[in-house]
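In: would you be able to build a 3D model of this:
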Amino acid sequence: SYLSVYLVIMLADWMQGTHMYTLYLSYNVNISALFLTGFLSGAIFAPFLGSLVDKFGRKRACIVYCILEIIINWLEHYNSF
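Out: Got it, this is the predicted structure:
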């Protein structure tokens, strides 16, 4: 059950990649700097977040991820964010 939900979420996140690229391109954002920032922040914060997930549990971490993803996708519809 956990793995199937996780795979669906990861697939949805992966599929929005082309939409995000087009959206950022329309805002004249430096996309390479944006991706570099994302990968570097992932490399820096992953060890700390991994220990938090171990402490609070994978299910709770997945729920938090889903809520944050919904908020981020909702905010993308506003030009001021």
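In: rest of the way, CA atoms for contacts and neighbours
Out: Fine.
In: what ranges do the helices span in this structure?
Out: Assigned by DSSP state H, the helices in the chain fall at 2-15, 17-26, 31-56, 58-75.
In: list the buried residues for stretch 45-64?
Out: Buried residues in stretch 45-64, defined by neighbour count with 16 or more other C-alpha atoms under 10 Å: 61-62.
In: first-to-last residue distance for it?
Out: 16 Å (C-alpha to C-alpha, to the nearest Å).
In: what mean pLDDT does that stretch get?
Out: The average pLDDT within stretch 45-64 is 91.
In: mind listing residues that contact it?
Out: Tyr6 (C-alpha atoms under 8 Å, 6 or more residues apart in numbering).
In: what residue lies at the spatial centre of the chain?
Out: Nearest to the geometric centre of the chain sits Glu69, at 6.0 Å (C-alpha atoms, centre = their mean).
In: that'll do, ta.
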